[in-house]
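Undergrad: Based on what follows, work out the 3D shape:
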Amino acid sequence: MTIGHFRNSGIRVAICVLAIAAVLALAGAQAQPQEEADAQAVTSSVQGHVRDSNGQPVANAAVFLQPATSTATTPETRTAHTDSAGAFRFLGLCAGAYAVRAEVKRSGSATTLVNLTADETRTIDLVIDLRSQLAESSASRNAPSSQPQSSSAATATPPEFFDEPKFTVAGVTQATNSGGHGSDTVLRNSEALVKATVSLGEEGKESAANHHTIKDAGTGEAATKNSIETDRLLQERAGIEARLLGEDNVREDQVRGDRNRSDNIPDGATRQKQSQLHHQLGQVAEKLGDPLQAVCEYQRAAELEPSEANLFDWASELLTHRALEPATEVFAKGNRLYPQSVRMLIGLGVSWYARGAYDRAAECLGSASDLAPEDPTPYIFMGKMQSAETVPSQATLERLARFQRLKPDNALANYYYAVSLWKWKQSQGTLDDADSAQVAVLLNRAVELDPKLGAAQLRLGILYSQRGDYTHAILAYQKAIEVSPELEETHYRLARAYKRTGDEVRAQKELQLHEQLAKQAKERAKRERTGVQEFVVTLRDR
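TA: Model prediction:
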């Protein structure tokens, strides 16, 4: 082998080494910006404590942190265990929504949602009830259930254990619209029922269902007002958070201090105060246009104090943002814990109705009316539901008949019973002259009690039209339009009545008005619908 051969081999080796070095340098240069970006993205953290219902630290509890939505930049589920002081900590997190769950095997668990921003350290407190649930089950079985229990009375003695929900609210998305005339009619009726359900919440509670959140600054005077209101709400939120931090500090002192001192705040009182503050934060977040944060706060309030009011407001928030299955779950839980709560049954019924389960909805509303026969609220919800259905159930008919019997001077009692009786008889093929006469008496009574009840006038017009009495039908339709001009169906019915009498000109005019009002109503409903964001929900294994 010659010297030149060795020389050539050495040159080739050198060239290879230089090429490899260049490739490595280039890869490092390309990776460095990404590494720097990743380092900047994972600057948040979550820390806190796990305690039992008495405020004592829970050592060696498993704490799981999981991103609410999986992306390329979010880590997989992370696990930590609490130390002897019940403390845990997760570092190096991206901004985003996370579910944090603490668990003690065969004893209990607690979950909360956290929304992290960049460079934020969030401190949370998870409470696990380590006591046996058998005592609670025994107490609930032995508790008297024959006497009705008001919502306020139920709230006074809430249960001290709330099991983990089977869902996670992962985010929000733009509301969708249902196609088709029939489906749109049912959807609009469902949305009206949701608003009515939210109004059953505690006085002063606002949500996206009945107020406009602050989203855009706009221009001019409106922008100034929005800016002032936003600043006020931000200050209010800061004040509540400061008070909440103060409650956390009180709790820390309570854990470290002498629990036999008389000036120590009982843990139950501390939890109640924290629950109230989280609830207030939920209200402020909703007004600021942050429903995701709002529902997290309502959930946390219910976990700290699963009172009837907290559960109802949490479920109402889910229902408002069309998280229908989770809303049903929370309403059902509230119904099990507070079986004498009328509004909880109403909320459960509305959530089933929104999901298309009309029979279940009717059962819930019927049970609510049975709990409080003198309360008109369940009957009114029942009447609104059956007005949009093809045929009411016999049970609904019987309950609305009771409503009219108990409240003969209530216009809606007469109206809803008339509509229910009419539809039921027609569905059975047994509607005769006597039934029609009874329906007419009920509708006329409703109009007499409330002359502005245009829906009753509309039904009277339909009844007269079925009899072939178009003169009285036209008068009834005209009266309905006078007192309730927003009822687009009335113009359509009036157009048909005019056509029957040969008045084509007026018939065509009413048809045009009907199409115009129907279009306006559909556009208005669409605007309102798109103004309410829908929750994106992740369901867990059952």
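Undergrad: close enough to count as contact, residue 532 and residue 323?
TA: No: judged on C-beta atoms under 8 Å, residue 532 makes no contact with residue 323 at a distance of 11.6 Å. In this view, the C-beta of every residue, glycine as well, is placed from N, C-alpha and C.
Undergrad: Who has more neighbours out of those two?
TA: Under the criterion of other C-beta atoms under 10 Å, the comparison of residue 532 against residue 323 puts residue 323 first, with 23 against 19.
Undergrad: Now the phi/psi pair for the nearest residue to the more buried one once chain neighbours are set aside, please.
TA: Nearest residue to residue 323 in three dimensions, chain neighbours excluded: residue 535, at 4.1 Å (C-beta to C-beta, 6 or more residues apart in numbering). Main-chain dihedrals, residue 535, degrees, to the nearest 10: phi -80, psi 140.
Undergrad: Next up, the contacts around residue 535.
TA: Residue 535 sits next to 169-173, 291-292, 295, 318, 321-323, 326 when contact means C-beta atoms under 8 Å, 6 or more residues apart in numbering.
Undergrad: at 7 Å instead, please
TA: 169, 172, 295, 318, 321-323 (C-beta atoms under 7 Å, 6 or more residues apart in numbering).
Undergrad: That one and residue 349, how far apart?
TA: Distance of residue 535 to residue 349, computed by C-beta to C-beta, to the nearest Å: 21 Å.
Undergrad: got the domain boundaries for the protein?
TA: The chain is divided into the following domains under automatic domain parsing: 41-130, 176-218+232-257+264-389.
Undergrad: TSV for the ones you listed, including distance to residue 496 and mean pLDDT?
TA: Formatted as TSV, these follow (distance: least, C-beta to C-beta, whole Å; pLDDT from 0 to 100):
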stretch	distance to residue 496	mean pLDDT
domain 41-130	52	78
domain 176-218+232-257+264-389	17	81
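Undergrad: okay if I get those as TSV plus distance to residue 441?
TA: Below are the domains of the chain laid out as TSV (distance: least, C-beta to C-beta, whole Å):
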stretch	distance to residue 441
domain 41-130	55
domain 176-218+232-257+264-389	18
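Undergrad: Please identify the most buried of these.
TA: Scoring the domains of the chain by mean neighbour count under mean count of other C-beta atoms under 10 Å gives domain 176-218+232-257+264-389 as the most buried, with a mean of 20.
Undergrad: Flag the shaky bits of the stretch 351-500 of the chain, pLDDT-wise.
TA: Along the stretch 351-500 of the chain, segments meeting pLDDT under 70 span 388-390.
Undergrad: In helices, which of the contacts of residue 535 appear?
TA: Using DSSP state H, the subset of the contacts of residue 535 located in helices is 295, 318.
Undergrad: Please convert the contacts of residue 535 to a markdown table, extending it with distance to residue 53.
TA: Listed next are the contacts of residue 535 as a markdown table, based on distance: C-beta to C-beta, whole Å:
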| residue | distance to residue 53 |
| --- | --- |
| 169 | 25 |
| 172 | 33 |
| 295 | 24 |
| 318 | 25 |
| 321 | 31 |
| 322 | 34 |
| 323 | 28 |
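Undergrad: mind checking the end-to-end distance for stretch 478-496?
TA: End-to-end span of stretch 478-496 (C-alpha to C-alpha, to the nearest Å): 13 Å.
Undergrad: buried stuff in that stretch?
TA: Using 16 or more other C-beta atoms under 10 Å as the test for burial, stretch 478-496 gives 479-481, 483-484, 487-496.
Undergrad: Among those, which ones are in strands?
TA: Residues of these located in strands (DSSP state E): none.
Undergrad: If we only consider the residues you listed, which is nearest to residue 433?
TA: residue 493 (21.8 Å; C-beta to C-beta).
Undergrad: unless I'm mixing things up, that closest one is touching residue 460, no?
TA: No: using C-beta atoms under 7 Å, residue 493 is not in contact with residue 460, being 10.8 Å away.
Undergrad: could you pull out the helices for the stretch 51-200 of the chain?
TA: 133-142, 151-156, 181-198 (DSSP state H, counting those that start in this stretch).
Undergrad: ah, wrong one, I meant the stretch 251-400 of the chain
TA: Secondary structure of the stretch 251-400 of the chain by DSSP H, counting those that start in this stretch: the helices cover 267-287, 291-304, 308-320, 324-337, 342-354, 358-371, 376-388, 394-406.
Undergrad: distance between the second one and the chain's centre?
TA: Averaging C-alpha positions (C-alpha atoms, centre = their mean, to the nearest Å) puts helix 291-304 11 Å from its chain's average.
Undergrad: could you give the angle of it to helix 267-287?
TA: 160 degrees (axes from the mean of the first three to the mean of the last three C-alpha atoms, to 10 degrees).
Undergrad: Verify the stated contact: residue 340 with residue 372.
TA: No: in this structure residue 340 lies outside contact range of residue 372 using C-beta under 7 Å: 9.0 Å.
Undergrad: And for the residue lying closest to residue 387 once chain neighbours are set aside, the neighbour number?
TA: The shortest distance from residue 387 to any non-neighbouring residue, by C-beta to C-beta, 6+ apart, is to residue 419 (6.1 Å). A count of neighbours around residue 419, defined by other C-beta under 10 Å, yields 22.
Undergrad: Could you say which helix or strand holds residue 419?
TA: Using DSSP states H and E, residue 419 sits in helix 411-428.
Undergrad: tell me what the helix or strand following that helix is packed against?
TA: Sequence-wise, the next helix or strand downstream of helix 411-428 (DSSP H and E) is helix 433-449. The contact analysis (3 or more C-beta pairs under 7 Å, 6 or more residues apart in numbering; DSSP states H and E) places helix 433-449 against helix 411-428, helix 454-467.
Undergrad: List the contacts of helix 433-449.
TA: 409, 411, 414-415, 417-418, 421-422, 425, 453, 456-457, 459-460, 463.
Undergrad: picking up where we left off before, so the residue nearest to residue 387 makes contact with residue 462?
TA: No: when contacts are counted by C-beta under 7 Å, residue 419 is not listed as touching residue 462 (10.2 Å).
Undergrad: Can you classify the nearest residue in space to residue 121 that is not next to it in sequence by secondary structure?
TA: With sequence-adjacent residues excluded and distances taken as C-beta to C-beta, 6+ apart, residue 121 is closest to residue 45, at 4.8 Å. Secondary structure assignment for residue 45 (DSSP: H, G, I helix; E, B strand; the rest coil): strand.
Undergrad: tell me the contacts of residue 45?
TA: Here residue 45 is in contact with 89-91, 93, 121 (criterion: C-beta under 7 Å, 6+ apart).
Undergrad: ok, now with 10 Å
TA: 89-93, 116, 119-123 (C-beta atoms under 10 Å, 6 or more residues apart in numbering).
Undergrad: Sitting in strands, which of the residues you listed do you find?
TA: Per DSSP E, these map to strands at 89-93, 116, 121-123.
Undergrad: got these as CSV, with distance to residue 201 columns?
TA: Formatted as CSV, those follow (distance: C-beta to C-beta, whole Å):
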residue, distance to residue 201
89, 36
90, 34
91, 39
92, 40
93, 34
116, 29
121, 33
122, 27
123, 29
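Undergrad: for the residues you listed, which one is nearest residue 513?
TA: residue 116 (53.6 Å).
Undergrad: Quick check: nearest residue in space to that closest one, chain neighbours excluded?
TA: residue 44 (4.4 Å).
Undergrad: beta partners of that neighbour?
TA: residue 93 (DSSP bridges).
Undergrad: Residue 122 now?
TA: Here residue 122, judged by DSSP bridges, has bridge partners residue 46.
Undergrad: The residue nearest to residue 452 when sequence neighbours are not counted: what's it in contact with?
TA: Excluding its sequence neighbours, the residue lying closest to residue 452 (C-beta to C-beta, 6+ apart) is residue 483, at 4.6 Å. Shown in contact with residue 483 (C-beta under 10 Å, 6+ apart): 447, 450-457.
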